[in-house]
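> Provided below are the primary sequence and the corresponding predicted coordinates.
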Amino acid sequence: MPRSIDSLDSRSSYDPDDDLDIAQEEWEESLNQLVQVVSLVLFPYLGKWLGRRCSYWAYARYLKFGLGKSFLLGQEPLPSSAM
């Protein structure tokens, strides 16, 4: 049996707030996905790059100064009488 157009209109009422709610949910879901991509892809590569950079710096400093006070505190200044 075909339903009348009036009965369909009375059942379904258009609410613009529903569209805003759906758009807000989609926005939050997209933002959550972006956060997951950053935390699962970008952070590990950034940590790997920073770790290698720091280790290369520390190894070069070790080769130059050895493992002692000068490695941790920097090069000791020359005494003024040596100049």
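Looks like it came in fine. These numbers were taken from a predicted model, which means no experiment stands behind them.
> going by C-alpha atoms from here, please, whenever you check contacts or count neighbours.
Fine.
> for this protein, what spans make up the helices?
Secondary structure of the chain by DSSP state H: the helices cover 5-11, 16-37, 43-65, 69-73.
> any stretches of this protein with poor pLDDT?
1-13, 76-83 (pLDDT under 70).
> can you lay out the helices of the chain as JSON lines showing mean neighbour count?
Converted to JSON lines, the helices of the chain look like this (neighbours: other CA atoms under 10 Å):
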{"stretch": "helix 5-11", "mean neighbour count": "9"}
{"stretch": "helix 16-37", "mean neighbour count": "11"}
{"stretch": "helix 43-65", "mean neighbour count": "12"}
{"stretch": "helix 69-73", "mean neighbour count": "12"}
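> tell me how far Asp18 lies from Tyr45.
To Tyr45, Asp18 is 40 Å away according to CA to CA, to the nearest Å.
> one more: Arg61?
From Arg61 to Tyr45 the distance is 24 Å (CA to CA).
> just Arg52 next, same as before
11 Å.
> now Val37
Distance from Val37 to Tyr45, by CA to CA: 12 Å.
> overlap in contacts of these two?
Common contacts of Val37 and Tyr45, defined by CA atoms under 8 Å, 6 or more residues apart in numbering, are absent altogether.
> now Ala61, nearest residue through space, not along the chain?
Wrong residue type there; residue 61 is Arg, not Ala. Once flanking residues are discounted, Arg61 sits nearest to Phe71: 6.6 Å by CA to CA, 6 or more residues apart in numbering.
> surely that neighbour meets Phe65?
Yes. Using CA atoms under 8 Å, Phe71 is in contact with Phe65, at 5.6 Å.
> which residues do the two both contact?
Shared contacts of Phe71 and Phe65 (CA under 8 Å, 6+ apart): none.
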